[in-house]
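S.K.: sequence plus the predicted model coming up.
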Amino acid sequence: MKKYYPIMAFVGIVLLAIFLRFWQLGNIPPSPDWDEAALGYNAYSILKTGRDEYGTFLPRVLRSYDDYKPPLYAYLTIPSVAAFGLNVWAVRLPSAVMGSIAVIGTYFLALYLFKKKRMALLSALLLAISPWHLQFSRIAFEANVGLTLNIVGCVAFFYGLTSLPWLSVSAFLFGLALYAYHSERVFVPLLVLTLAILWRRELFRDYRKVAIGVIIGLLTVAPLIPVATDKAMLTRLQGTSSLSDTTGLLMRTVKKLEEDKMHGDTIGALFDNRRLVYAATLMDGYISHYSFRWLFLTGDNDRHHAPDNGLLYLWELPFLLWGIFSIWKKGGKVSQLLFTWFLIAPIAASPTSETPHAIRTLVFLPTFQIFTATGLLAFVSRVREGISQNNALRKWFTIGIAGSVGMVIVFNTLFYFHMYYSHLNQEDSRFWQYGYAQAVKYAEAHKAKYKKIVVSIKLEQPHMFFLFYTKYDPATYLAQGGTASGGFREIRNHFDKYDFRAIGEWSKEIHDGSVLYIGTPKEIPSGAQHSIYYLNGEEAIRIAE
């Protein structure tokens, strides 16, 4: 019977991962954010017309809000939208599936690296309950797909060291990851290079196998080459780069440099130059991703973590440090791979704004879980040693320590689940663009009474939410011109009776009863005929003639 325990444990962990990712998937978080709505509607549009919201046929990049999203998630969403319709659950389904696969992949990755089933099971369990991974496995964010492809690509690579087909699969998966998320285009080449260097002897025993893998990888990424050289992609880079605002960034340095030249301070002129400022900015962005506060206490954007929680459990910290030390001390190729993975993960996010950033560095996973699992197993081993001692005092002291640690683990884990599944909607609904579904429902119910419905662009990409919730026919939308623009360079969008623009001074708007206005409480005065509220009771949207 004991020989079946690992299999039973593995099945239990996978079922737990599936349950945590699928339960109330369409209702928690309480509303899709603008990226989820865009991915869903573009999948719907490609399904119906073969074109995205701008009319691009089978796009290799989604222009979307001028942030030029990689297209893979939208294509993965087409089957679920075709099967279940255009709704939140269908749009989030691919992410939940990929998140569950990542847990399975982590098991096989750890099993190959450590050759121990306990290590593999514990690593998979930690990813299954990880606050960081759960957060992005339950929403339609492209980075989650990229993470899964990284993990499964690594597993296929290791199997491919002795089997040609698996190495070809690995090359395809790594190539496919570049279509998943922007960070992957920096991280994956570095990861593949690391794998090739560390396992070069096993890899290059058969040059034919390597050549076929390289060809498959290059053929997979070839369609991306024109996209990477497209000038329009600079819009995305400029919009997210921490170095784009050179005036604000270099203002202080320019003043100091002028003073240095005035006083003939050669040493000062050497250090007060823009290159050092750029280097310091990049280094600050990189190091910020190892912040204790960010990882364990606060996280970053409110959409990236549960209320009052960080990205990792607080109880994981001592075991994480223990595991890092143990693996570092052991050395070898496994240690080199994990530490390289751990150190290259933030590189792509370092030059961007809003660092540290949980989505752009999701590629950290599952290194945190593997390190923590190593520390936990070392702790359990010490506990067993202490209990087996003849010294009664030491034995009961060990039991007391183990019991206390166990209670902390259970309490912290249950606290996270409680905050996520019970409190997230009420406390964070404002950060999830809550209220758009209700606004669309009201507008559609009263649309016949008005010649035009003006929706304020201060509601954040409202045109996409109205397309999404009305399930507006993509062919009709494209015939009307499709999306004009959005995001980093907003241009007025419209379709049907809806006109998406800023609401000006209220007294100067049309008030003859022919126009319905939907906007923020700051734009529409009190006394509006209808209001929509966040789940915490705060007013979110006002609707008035």
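M.R.: Happy to help now that I have it.
S.K.: please make it C-alpha for all contacts and neighbour counts, starting now.
M.R.: Fine.
S.K.: residues near residue 222, how many?
M.R.: Burial of residue 222 is recorded as 12 neighbouring residues (other C-alpha atoms under 10 Å).
S.K.: secondary structure class for it?
M.R.: Counting by DSSP: H, G, I helix; E, B strand; the rest coil, the backbone at residue 222 sits in helix.
S.K.: from residue 363, how far out is it?
M.R.: Taking C-alpha to C-alpha, to the nearest Å as the criterion, residue 222 is separated from residue 363 by 23 Å.
S.K.: go on, residue 417?
M.R.: Between residue 417 and residue 363 the distance is 23 Å, computed by C-alpha to C-alpha.
S.K.: also residue 344?
M.R.: Spatial separation of residue 344 from residue 363 under the definition C-alpha to C-alpha is 9 Å.
S.K.: mind listing what residue 103 touches?
M.R.: Applying C-alpha atoms under 8 Å, 6 or more residues apart in numbering, we find residue 103 in contact with 14, 17, 124, 125, 127, 128.
S.K.: which one of the residues you listed is nearest residue 313?
M.R.: The shortest approach to residue 313 among the contacts of residue 103 belongs to residue 127, at 11.5 Å (C-alpha to C-alpha).
S.K.: residue 369 is in contact with the closest one, correct?
M.R.: Yes - counting by C-alpha atoms under 8 Å, a contact exists between residue 127 and residue 369, whose distance comes to 6.2 Å.
S.K.: pLDDT on stretch 324-344, on average?
M.R.: Rounded to a whole number, the mean pLDDT of stretch 324-344 is 97.
S.K.: show residues contacting it.
M.R.: With contact meaning C-alpha under 8 Å, 6+ apart, stretch 324-344 is reached by 113-114, 187, 190-191, 194-195, 198-199, 364, 367, 371-372, 374-375.
S.K.: okay, buried residues for it please.
M.R.: Applying a neighbour-count criterion of 16 or more other C-alpha atoms under 10 Å, one finds 324, 326-327, 334-342, 344 buried in stretch 324-344.
S.K.: isn't residue 29 up against residue 425?
M.R.: Yes - Residue 29 is within contact range of residue 425, at 5.9 Å (criterion: C-alpha under 8 Å).
S.K.: farthest pair in the contacts of residue 103?
M.R.: In the contacts of residue 103, the most distant members under the criterion C-alpha to C-alpha are 14 and 127, with 10.4 Å between them.
S.K.: have a look at the two and say which one is more surrounded.
M.R.: residue 127 (27 against 21).
S.K.: would that one count as being in a helix?
M.R.: Yes - when classified by three-state DSSP, residue 127 is found to be part of a helix.
S.K.: separation between it and residue 134?
M.R.: In this view, residue 127 and residue 134 are 8 Å apart by C-alpha to C-alpha.
S.K.: then residue 341?
M.R.: Residue 341 is 21 Å from residue 134, by C-alpha to C-alpha.
S.K.: also residue 531?
M.R.: According to C-alpha to C-alpha, residue 531 and residue 134 sit 33 Å apart.
S.K.: out of the two, which sits in the more crowded spot?
M.R.: Here residue 531 and residue 134 are compared on neighbour count by other C-alpha under 10 Å; more neighbours surround residue 134, at 23 against 20.
S.K.: would you mark the buried spots in stretch 307-326?
M.R.: Of the residues in stretch 307-326, 307-317, 319-320, 322-324, 326 count as buried by neighbour count, 16+ other C-alpha under 10 Å.
S.K.: first residue to last residue on that stretch, what's the distance there?
M.R.: Between the opening and closing residues of stretch 307-326 lies a distance of 33 Å (C-alpha to C-alpha).
S.K.: run the chain-centre distance for it.
M.R.: Centroid separation between stretch 307-326 and its chain, computed with C-alpha atoms, centre = their mean, to the nearest Å, is 20 Å.
S.K.: cool, stretch 513-533 as well?
M.R.: Computed by C-alpha atoms, centre = their mean, the chain-centroid distance of stretch 513-533 equals 34 Å.
S.K.: straight-line length of it, end to end?
M.R.: Its start and end residues considered, stretch 513-533 measures 24 Å (C-alpha to C-alpha).
S.K.: which intervals of the stretch 151-300 of the chain have sub-threshold pLDDT?
M.R.: Along the stretch 151-300 of the chain, segments meeting pLDDT under 70 span 231-261, 263-275, 277.
S.K.: please redo it, this time with the cut-off set to 90
M.R.: 162-164, 204-209, 225-282, 284 (pLDDT under 90).
S.K.: would you agree residue 279 falls within a helix?
M.R.: Yes - the assignment for residue 279 (three-state DSSP) places it in a helix.
S.K.: now do the contacts for the closest residue to residue 148 other than its chain neighbours.
M.R.: With sequence-adjacent residues excluded and distances taken as C-alpha to C-alpha, 6 or more residues apart in numbering, residue 148 is closest to residue 102, at 4.8 Å. Contacts for residue 102 (C-alpha under 8 Å, 6+ apart) come out as 147, 148, 151, 152.
S.K.: repeat for residue 168
M.R.: With C-alpha under 8 Å, 6+ apart, residue 168 has these contacts: 160, 212, 213, 216, 217.
S.K.: one more time with 6 Å
M.R.: Neighbour list for residue 168: residue 213 [criterion: C-alpha atoms under 6 Å, 6 or more residues apart in numbering].
S.K.: for residue 532, helix, strand, or coil?
M.R.: Three-state assignment for residue 532 (three-state DSSP): strand.
S.K.: err, residue 162, not the other one
M.R.: Counting by three-state DSSP, the backbone at residue 162 sits in coil.
S.K.: just give the number of residues close to it.
M.R.: Counted by other C-alpha under 10 Å, the residues lying close to residue 162 total 15.
S.K.: distance check, it against residue 208.
M.R.: In this view, residue 162 and residue 208 are 13 Å apart by C-alpha to C-alpha.
S.K.: do residue 119 as well
M.R.: Distance from residue 119 to residue 208, counting by C-alpha to C-alpha: 34 Å.
S.K.: neighbour count: these two, which is higher?
M.R.: Looking at residue 119 and residue 208 with other C-alpha under 10 Å, you find the greater number of neighbours at residue 119, namely 20 against 11.
S.K.: residue 178 is in contact with residue 184, isn't it?
M.R.: Yes - counting by C-alpha atoms under 6 Å, a contact exists between residue 178 and residue 184, whose distance comes to 5.4 Å.
S.K.: of the two, who's got more company?
M.R.: Applying other C-alpha under 10 Å to residue 178 and residue 184 shows that residue 184 carries more neighbours, namely 28 against 24.
S.K.: backbone phi and psi for that one, please?
M.R.: When quoted as degrees, to the nearest 10, the phi and psi of residue 184 stand at phi -60, psi -30.
S.K.: same question, residue 473
M.R.: Note on residue 473: backbone dihedrals following degrees, to the nearest 10 are phi -60, psi 120.
S.K.: what is the burial count for it?
M.R.: Number of residues near residue 473 (other C-alpha under 10 Å) recorded here: 14.
S.K.: how close does it sit to residue 42?
M.R.: 11 Å.
S.K.: okay, now residue 512: neighbour count?
M.R.: Number of residues near residue 512 (other C-alpha under 10 Å) recorded here: 7.
S.K.: before we move on, what about residue 483?
M.R.: Every residue meeting other C-alpha under 10 Å relative to residue 483 is counted, giving 22.
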